[in-house]
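# Kindly generate the corresponding structure for this input.
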Amino acid sequence: MEQEKVTVTVNGLRYERLVEPRRLLCDFIRQDLGLPGTHVGCEHGVCGMCTVLVNGQTARSCLMFAVQADGASITTVEGVGTPSKMHPLQQAFWEKHGLQCGFCTPAMLVTALELLNHNPTPSRDEIREAISSNLCRCTGYQTIVDSVEHAATLMRGGV
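Numbers count the residues shown, from 1 in each chain. Modelled structure (predicted):
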């Protein structure tokens, strides 16, 4: 099959690859770029597990072809922070127990990052609305909301 050149910036690094036009962005990120943090769940855009930031806005990478991202800046969970220098969101999820099995956590972090980048002081209802696009089968969402609320405080310089 014919391939097309795709140039993207992922987590601050520029990548140029040849891909088949039907290659999904989630497969490109996971398999071609070796970034497994973007999870694949339903493959229909319903569960939200494949959520990444494309040019600063959340996008379902299972509903997007890699060629559609040509020229874009993408942030995956690997670009949020590192084990040695956690982002306040990651710190808050750790401190407030915002994860259990961890399968939804990458998408929750990326979704919350978009929210907090646009609204540094969200209400609990605004947090619930933002994360409602991502399914979690473990936590019941309460500790995730607590974590995002705590992250907002940390990101504003609070304790």
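# Could you pull up phi and psi at the most centrally placed residue in the chain?
Centroid-nearest residue in the chain: V110, 3.0 Å away (criterion: C-alpha atoms, centre = their mean). V110 adopts backbone torsions of phi -70, psi -40, taken as degrees, to the nearest 10.
# do the same with L33
Torsion angles, degrees, to the nearest 10, at L33: phi -100, psi -10.
# Would you confirm that it contacts V10?
Yes - at 6.1 Å, L33 counts as touching V10 under the criterion of C-beta atoms under 8 Å. The C-beta positions use only the backbone N, C-alpha and C, and glycine is treated the same way.
# For P36, the count of nearby residues, please.
When counting by other C-beta atoms under 10 Å, one arrives at 14 neighbours for P36.
# what sits against it?
R30 (C-beta atoms under 8 Å, 6 or more residues apart in numbering).
# give me that answer again for 10 Å
The contact partners of P36, taken as C-beta atoms under 10 Å, 6 or more residues apart in numbering, are 29-30, 76-78, 106.
# Keep only those of those that are in helices.
Residues of the contacts of P36 located in helices (DSSP state H): P106.
# Next one, pLDDT for the residue nearest to the centre of the chain please.
According to the prediction, V110 has pLDDT 97.
# so how far is Y15 from R23?
13 Å (C-beta to C-beta, to the nearest Å).
# By neighbours, which of the contacts of P36 wins?
Going by other C-beta under 10 Å, I29 tops these with 27 neighbours.
# who's in contact with that one?
8, 10-11, 15, 35-38, 40, 50, 52, 61, 66, 69, 74, 76, 78.
# The protein: strands as residue ranges?
Secondary structure of the chain (DSSP state E): strands at 4-10, 13-19, 51-54, 57-60, 73-75.
# Show me the strands paired with the fourth one, marking each as parallel or antiparallel.
If I follow you right, that is strand 57-60. Within its sheet, and counting by DSSP bridges, strand 57-60 is paired with strand 51-54 (antiparallel).
# Do you know the pLDDT at A72?
The model's pLDDT for A72 equals 98.
# picking up where we left off before, how close does the residue nearest to the centre of the chain get to A130?
V110 is 11 Å from A130, by C-beta to C-beta.
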